[in-house]
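>>> generate a structure from the sequence data that follows.
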Amino acid sequence: MFLRGLDAGKRSRLQNCSPRRFSFILAILLAARVFAGEHPLTDSFSVPERDRSAAQALAEKLAALSPRVRKEEASRLADCAYATAVHLKRQYGVLWPPLFNNFLVNSRIKKRGLCFQWSEDMLVRFDGLKLTTLEFHWGEANPGTWHENNCVVITAKNQPFRSGIIIDCWRNSGRLYWNTVAADYEPWVENKAYARFIRAKAAVHRHHHTQLSMETEVARTSSD
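A predicted model of the protein is given here:
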């Protein structure tokens, strides 16, 4: 779509070059527009009224993880956590109690809503914030058993897993639950390998989405 903003001479030269060269130039132009801020990622999160005080409490707890944690990052992350929980609950069509919802997913009546799916989607969303003073870990409790649970653990940058705060949307059927790792009743441990797997899978998805967007842009421009 942005090619329509170029002058006629530049558009003509781009459209008349080889498809391979055109795609390469288009990718450069897309990247330039993104980094220039023409299509910035939104940092505005709609937190429900009933969750605002809880989001503020979470922000304060996150900021207290280390003197180096930026308060604005803690606030953005807390708002993101609550807004994303509401969004995913609606997207999944979650029903209470959690184990019944698990049954529906495992029976293929519903597509998503298992504990690891909640945590995967939250981890990818958090990573997208590109925070510099907080980082995210994959937590699991009782792995390999029927009552395994998963969560995202937030720590201050370069701080140990056990010092962090868990984000668990599954246990309350989409109502966000958080607590310190040390105080929670679940025996949480870190799984760095699974976190790497989720991030790699998300990177492939983003690459595919970017490629598809570029191909769509080429097709639209060529049809003008």
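>>> mind checking how far the closest residue to His137 other than its chain neighbours is from Leu114?
Nearest residue to His137, sequence neighbours excluded (C-beta to C-beta, 6 or more residues apart in numbering): Val153, at 4.3 Å. Backbone N, C-alpha and C define where each C-beta goes, glycine included. Per C-beta to C-beta, to the nearest Å, Val153 is found 18 Å from Leu114.
>>> let's see the pLDDT reported for the residue nearest to His137.
On pLDDT, Val153 comes in at 98.
>>> between Val153 and Leu114, tell me which one has more neighbours.
Per other C-beta atoms under 10 Å, whichever of Val153 and Leu114 has more neighbours is Val153, with 26 against 18.
>>> can you confirm that one is in a strand?
Yes: Val153 forms part of a strand when assessed by DSSP: H, G, I helix; E, B strand; the rest coil.
>>> ok, how many other residues are close to Val94?
Neighbourhood size, Val94 [other C-beta under 10 Å]: 22.
>>> so Phe45 is in contact with Cys80, correct?
Yes: applying C-beta atoms under 8 Å, one finds Phe45 in contact with Cys80, separated by 5.2 Å.
>>> outline the domain layout of the chain.
According to automatic domain parsing, the chain comprises the domains 2-40+207-223, 49-190.
>>> okay, those domains, which one's buried deepest?
domain 49-190 (a mean of 18; mean count of other C-beta atoms under 10 Å).
>>> just give me how far that one sits from the chain centre.
Counting by C-alpha atoms, centre = their mean, to the nearest Å, domain 49-190 is centred 11 Å from the centre of its parent chain.
>>> now Gly169: closest residue in space, sequence neighbours ignored.
Gly isn't right for residue 169; it's Cys. Leaving aside its chain neighbours, Cys169 sits nearest to Trp118 (4.4 Å; criterion: C-beta to C-beta, 6+ apart).
>>> please apply the same query to Arg68.
The spatial neighbour of Arg68 that comes closest, neighbours along the chain excluded (C-beta to C-beta, 6+ apart), is Thr133 at 5.6 Å.
>>> repeat for Gly174
Counting by C-beta to C-beta, 6+ apart, Gly174 lies nearest to Lys89, which is 3.1 Å off, once chain neighbours are set aside.
>>> residues touching that neighbour, list them.
Neighbour list for Lys89: Cys169, Ser173, Gly174, Arg175 [criterion: C-beta atoms under 8 Å, 6 or more residues apart in numbering].
>>> and which of these is nearest to Pro97?
Distances from Pro97 to the contacts of Lys89, taken as C-beta to C-beta, are shortest for Ser173 (6.6 Å).
>>> who's the closest spatial neighbour of that closest one, skipping the chain neighbours?
Trp96 is the one closest to Ser173 (C-beta to C-beta, 6+ apart), at 4.3 Å.
>>> coming back round to it: doesn't Thr84 make contact with the residue nearest to Cys169?
No: using C-beta under 8 Å, Trp118 makes no contact with Thr84, being 9.7 Å away.
>>> and the pLDDT at the residue nearest to Gly174?
pLDDT recorded at Lys89 is 97.
>>> measure it to Asp121 for me?
Per C-beta to C-beta, Lys89 is found 11 Å from Asp121.
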